[in-house]
Every structure is written in C-alpha cells, then in structure tokens.
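[1] The following block contains a protein sequence and its predicted model.
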Amino acid sequence: MSDYLIKATAFDGQVRAYAIESTDLVNEACERHDTWPTASAALGRTITITAMMGAMLKGEDKLTVKVEGDGPIGAIVADGNSKGEVRGYIKNPHVDFDSNTHGKLDVRRAVGTNGSVSVVKDLGLKNNFTGQVPIVSGEISEDFTYYFVTSEQIPSAVGAGVLVDTDYSILAAGGFIIQMMPGATDETISLIEERIGQVPAISTLIQEGKSPEDILEIFFEGQNWHIIDRQETTFKCFCSKERTEDAIASLGNEEIDEMINEDGGAEATCHFCNQVYTLTVEELERLKS
C-alpha cells in the first residue's frame, strides 16, 4: 500500500490529530540524496512532519520548512502542500554516528542544539506567513512541538520516527501530530499526555505493520473519534528542464556566453531531487535574448 496520512478529530472536537506512514516517501528522499543512517533519520523526520503540516493547508497553499542547527548535517529543507506532495534535501547527507545512550540514531548530535526551525507558508495572500523558533533539542519532533506551541499558539505533541536498515534503506517511517483545540478540558489534556508517554517508538509501530489508524487508536482508545480525511502522500519535485532554462536565461547574455566559451555547455542539479539537467551550446544559444 502507498504511503498515506489521515486527519481525525476526537473528544467531541477538543482534539485534532494527524498520523502518517511515510516509509516510501522517506526512502525515496534518502535514495535520491544518498544519505547515511543518521542523516536519513534527520531528513526523514523532517519530511514526515512536513507532510502532515501540508495536510493542514487548503487548495493551492504550500509551505517550506527549514531546520538549521550547528551540527554537521547543516540545513534540512522540505516543501509540502495540501495535496500530499513533499520533497526535501539535507546539506550534508554523509553524516553518521554510533547510537546514542538510548540505542537510537544520534539525530541530536547530527542536527545540533543551537539554531532555528522556520516555517514559511504561502497561503495565496500578499505576504507569506513566517514563523521561526530556536531549536530546543535537535531531535526534530520536540523542536516542532515547540514551534506549534510558540509560533502558532497551538498546544501540540509531535512525533516522527525513521528506522534504517543495514543497507541504508528505510525499514519504516511514520509520525503523528496531536493538537489541543480551544476549549479542551484538563481531563482530556491529562489523558492525552498520559498516552503520549506510553506510546512505543513510531518507527517500531510502523515496522510491526501498524497503520495510521492503529496509531491514533493508541491515543484515542475508548473514545469517540472520527477520521475526516485520508490522503496519499508522495515524494514529488517540481523541477524541469524548462525551469532550468528559464533560470539560466534570466542570468543574461554575458553569463550565458561564459558558459558557452568556458564550459562548452551548462549543467544544473536540483537541490530537492538531485535531478541533473544538461544544456548544450546550441540550447544555450537559443536562450540568449
């Protein structure tokens, strides 16, 4: 089955929730960027959360997420939209460490604990919405939990996990976002907090065959909850040779002549998907105004 996410409400609208299986999505991103295990976990967690944040949007709305700490992997950037289409990249994909004291991939060390998480939402308005918060742990999930509470004033719990195989492929990936709506009672909040503390690692649940529905059932067992939408999610990049040509044409004739005379052509690589576009001298000549 293809990756998908679900949106749900529970406790008579007091809680909004998202859960996702993102194994194929993360695997494609990591294959495209040749990531090593710890970098895979950092990139995978980020694009998994981005996919769920995209599901909060409507219509043609889209967002860009950037996690930039002082660790060796550098910046992680991901785009998502309301259609479940996600793409992302990591500046330094060849980063890996021994497991941390909990026996897990040391994402905190790779990301760093100083830096920022920023979210830019294009909602089709004159100005984009931009929110930025400092990194609080480097574990990604906790950092987005802090983002929602601080930047969007929505009490939230965010979890994302990635399990990497010995051949660097992705065994399992998934996540959840649980959000308290205005009017949520102390009783509801306490119950959700208790269950969040008891939930096993999300990547383990996905590897065991648990679905997004199964994941939310862990939080809402015994409660009246409803799925309001189900959406497939995929890795999709919007680059093309035509866009590459437009970008080169915008540089002007002098720059294009340098490519022709010094390089005998041009080559451009998309940051998001690693697709390489090559332009011949003849193609460059046609771009000159």
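    Perfect, thanks for sending it. Numbering: from 1, shown residues only.

[2] give me every residue that touches the residue nearest in space to the middle of the chain.
    For the chain, the residue sitting closest to the mean C-alpha position, by Cα atoms, centre = their mean, is Ile47 at 1.6 Å. Applying Cβ atoms under 8 Å, 6 or more residues apart in numbering to Ile47 gives the contacts Ser22, Leu25, Val26, Ala29, Ala78, Gly80, Val86, Arg87, Gly88, Phe235. Heads up, the C-betas are built off the backbone N, CA and C, glycines and all.

[3] Buried residues, the helix or strand where Thr204 lies. List them.
    Counting by DSSP states H and E, the element that carries Thr204 is helix 202-207. For helix 202-207, the neighbour count (16 or more other Cβ atoms under 10 Å) marks Ile202, Ser203, Leu205, Ile206, Gln207 as buried.

[4] same question, stretch 96-104
    Within stretch 96-104, the residues scored as buried using 16+ other Cβ under 10 Å are Asp96, Phe97, Lys104.

[5] So the spatially closest residue to His271 that is not a sequence neighbour: helix, strand or coil?
    Spatial nearest neighbour of His271, excluding adjacent residues (Cβ to Cβ, 6 or more residues apart in numbering): Tyr89 at 5.1 Å. Recorded secondary structure, Tyr89: strand (DSSP: H, G, I helix; E, B strand; the rest coil).

[6] ok, Thr38 - contacts?
    Ile73, Val95, Asp96, Phe97, Leu105, Asp106, Val107, Arg109, Ala110.

[7] Contacts for the host helix or strand of the last one, please.
    By that I understand Ala110. Element membership of Ala110 [criterion: DSSP H and E] is helix 107-111. Helix 107-111 is contacted by residues 38-39, 41-42, 45, 67, 69, 71-73, 76, 95, 97, 100, 135, 137-140 when judged by Cβ under 8 Å, 6+ apart.
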